[in-house]
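*Asks:* Here you go, sequence then predicted model.
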Amino acid sequence: MENNKLNCPHCGQKMTAWKAPDDSTWTSALQYVCFNDDCPYYVKGWEWMQQQYKHRASYRHRYNPETEHSGPLPVWSENAMKNFIVEK
């Protein structure tokens, strides 16, 4: 990951503060997610998920500042999970 962990390593765009839904298994109160719809990680994810699992889904890059781990945030539409964006 780049020096600035709040920038997406796939597209370089600054990631957005995001709160996981209450019924999720993530314990961290706040994470950062790349909501750039042109990010190659997100764009390529649609085809990869269709080929591997025959499902219309993708994923966005996610970073957890408490654990310093990053990984995918599964999404099923362009607007999925955007309702949990934290306005700063």
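*Replies:* Done, it's in. Numbering: from 1, shown residues only.
*Asks:* partners of residue 33 in the sheet?
*Replies:* Note on residue 33: beta-bridge partners residue 16, residue 62, judged by DSSP bridges.
*Asks:* Actually, residue 72.
*Replies:* Counting by DSSP bridges, residue 72 forms beta bridges with residue 61.
*Asks:* who's in contact with it?
*Replies:* By C-beta atoms under 8 Å, 6 or more residues apart in numbering, residue 72 lies in contact with 45, 59, 60, 61, 62. Just so you know, the C-beta spots here come from the backbone N, C-alpha and C atoms, and that holds for glycine as well.
*Asks:* Give me the pLDDT for residue 22.
*Replies:* The per-residue pLDDT reported for residue 22 equals 88.
*Asks:* and it, how many residues sit next to it?
*Replies:* Look at residue 22: counted by other C-beta atoms under 10 Å, it has 6 neighbours.
*Asks:* how far away is it from residue 71?
*Replies:* For residue 22, the distance to residue 71 equals 20 Å [C-beta to C-beta, to the nearest Å].
*Asks:* tell me which of the contacts of residue 72 is nearest to residue 12?
*Replies:* Checking the contacts of residue 72 against residue 12 by C-beta to C-beta gives residue 61 as the nearest, at 11.1 Å.
*Asks:* my guess is that closest one contacts residue 8, does it?
*Replies:* Yes - the criterion here is C-beta atoms under 8 Å, and residue 61 meets it with residue 8 at 5.1 Å.
*Asks:* Spit out the residues that contact the two alike.
*Replies:* Joint contacts of residue 61 and residue 8 (C-beta under 8 Å, 6+ apart) are 15, 34, 39, 41.
*Asks:* Can you lay out the residues you listed as TSV showing pLDDT, distance to residue 49 and neighbour count?
*Replies:* Listed next are these as TSV, based on pLDDT from 0 to 100; distance: C-beta to C-beta, whole Å; neighbours: other C-beta atoms under 10 Å:
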residue	pLDDT	distance to residue 49	neighbour count
15	97	21	24
34	98	17	26
39	98	15	20
41	98	12	18
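*Asks:* thought residue 66 was touching residue 20?
*Replies:* No - shown here, residue 66 and residue 20 do not form a contact pair, counting by C-beta under 8 Å, at 11.5 Å.
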